[in-house]
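>>> Mind folding the following:
(2 chains)
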Amino acid sequence: MKDEGRHMLTKDDLTRYERQILYPGFGEKGQKRLKQSHVVVAGLGGLGCSASLYLTCSGVGHVTLIDCDRVELSNLNRQILHCEEDIEERKPFSAARKLAKLNSSIEVTPVFKKITERNAREMIKGANLVIDGMDNFKTRFIVNKACVAEGIPLIHGGVHGLFGEVTTIIPGKTPCLACIFPEVPERKALFPVFGVTPALIAILQVTEAIKLLAGFGSLLTGKMLYFNGGTMDFTFCNLVKNPNCKVCGTKDV
Amino acid sequence: MVEVTGHTTGECLEELESRFPVIKQMIRDKQGQLRRYCSILVNSESTYPKELATPVKDGDQIDIMVFFGGG
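Numbers count the residues shown, from 1 in each chain, chains lettered A, B, ... in the order given. As a prediction, this is how the structure comes out:
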């Protein structure tokens, strides 16, 4: 697609998205906003696969998929857009092929590239929102910094085993990742994860994305939602901006 | 939520760790330092860089946040 068609809903759009258009407070106006939106999914692992699937089927007009890895057999317990036949394929391209079949009316842009301190801002520039689907602390902090610099909201998600977390970061308004974790944590070796954990967390991230883009509901801003799948507990931790934050702080440090 | 006593975050955490030893394994490394993927908040505010030396008063809420880095 199809920039020229993004300002209006087609007859097919009205049919495809009928059930969500019925939602009070969303309607055709909300659907149009999704259609006009560009979302970057940074990382196509367990989080990014599920997130991009639901961004695509909900009708976000342009989805960019960024990852620098190739599909491996050990990914398949959780990275649901990749199949056995995709092993060795570049993840963004493997994912984009499935998403194009799911919804050919939107634009999906695969980017097979590593996000670095140097290119991060350029890679997200112009997006309405970034979904954090990354698998390591270092890149998360790079993207957090780039989002703050570009003024682009970041929906953070992270998982470990049956634990997960989600928060919505809006530059200038909410705490950023560096407010909470001022130093980049050390890289951990292989960590345990069930496929259901990133699936659930990604769907919560997309729920936040839909509300933020369409402008309804309340968001996980200024709080971290924690999920413990072992006990089925959902808990919240309130967060406040750190004025001394190295990324978004207002005081000289 | 658990009630603990202490004048600082460090003292409160030590009491918590003595009652729930598994917490110590989760939040500290072999040298006893707080792991970098843990953050200590007092009344929702970051205590960095004095995570274990921030004064607390009666009624304060201390949160231990763990950063889940996997995706």
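
>>> need the next SSE after the longest helix seen in chain B, C-terminal direction.
Determined from DSSP state H, the single longest helix within chain B is helix B:9-19. Of the helices and strands lying after helix B:9-19 in sequence (DSSP states H and E), the nearest is helix B:21-27.

>>> For chain B, which residues are neighbours of chain A?
Residues of chain B lying close to chain A by CB under 8 Å from any CB of the partner chain are B:35-37, B:39, B:41, B:44-46, B:48-49, B:63, B:65-71. C-beta: built from backbone N, CA, C; applies to glycine.

>>> one step back: mind checking how far the longest helix of chain B is from the chain centre?
Computed by CA atoms, centre = their mean, to the nearest Å, the chain-centroid distance of helix B:9-19 equals 8 Å.

>>> what are the C-alpha coordinates of it, in CSV please?
The C-alpha trace of helix B:9-19 is given here as CSV (Å, rounded to 0.1, in the frame of the first residue of the first chain):
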residue,chain,number,x,y,z
THR,B,9,16.8,0.2,51.7
GLY,B,10,19.8,-2.0,52.3
GLU,B,11,18.7,-2.8,55.9
CYS,B,12,15.2,-3.6,54.7
LEU,B,13,16.4,-5.8,52.0
GLU,B,14,18.7,-7.7,54.4
GLU,B,15,15.7,-8.5,56.6
LEU,B,16,13.7,-9.6,53.5
GLU,B,17,16.6,-11.8,52.3
SER,B,18,17.0,-13.4,55.7
ARG,B,19,13.3,-14.3,55.7
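
>>> returning to that earlier point: would you mind checking the residues of chain B next to chain A for buried ones?
Among those, those scoring as buried are B:37, B:39, B:41, B:45-46, B:48, B:63, B:65-71 (criterion: 16 or more other CB atoms under 10 Å in any protein chain shown).

>>> The residues of chain B next to chain A in strands, which ones?
Mapping the residues of chain B next to chain A onto strands (DSSP state E) picks out B:39, B:41, B:45-46, B:63, B:65-66.

>>> picking up where we left off before, what does the longest helix of chain B rub up against?
The contact list for helix B:9-19, computed with CB atoms under 8 Å, 6 or more residues apart in numbering or on different chains, reads B:2, B:4-6, B:23-24, B:27-28, B:40, B:42, B:47, B:50-54, B:56, B:62, B:64.

>>> pLDDT score assigned to the closest residue to residue B:46 other than its chain neighbours?
Of all residues not flanking residue B:46 in the chain, residue A:242 sits nearest, at 4.9 Å (CB to CB, 6 or more residues apart in numbering or on different chains). Residue A:242 carries a pLDDT value of 91.

>>> can I assume residue A:242 is in contact with residue A:249?
Yes. Using CB atoms under 8 Å as the test, residue A:242 is close enough to residue A:249 to be in contact (6.1 Å).

>>> Need the overlap of contacts for these two.
residue A:179.

>>> how far does stretch A:59-79 stretch from start to finish?
21 Å (CA to CA, to the nearest Å).

>>> What residues sit buried inside it?
Those would be A:59-71, A:75, A:78-79, for stretch A:59-79 by 16+ other CB under 10 Å.

>>> pLDDT on stretch B:40-55, on average?
93.

>>> do the same with stretch A:43-55
Rounded mean pLDDT across stretch A:43-55 is 98.

>>> show me what contacts the nearest residue to residue A:20 once chain neighbours are set aside?
Counting by CB to CB, 6+ apart, residue A:26 is the residue found nearest to residue A:20 once chain neighbours are left out, at 6.3 Å. Shown in contact with residue A:26 (CB under 8 Å, 6+ apart): A:20, A:214, A:216.

>>> The last one: neighbouring residues, count only.
Taking other CB atoms under 10 Å in any protein chain shown as the criterion, the count of residues near residue A:216 is 16.
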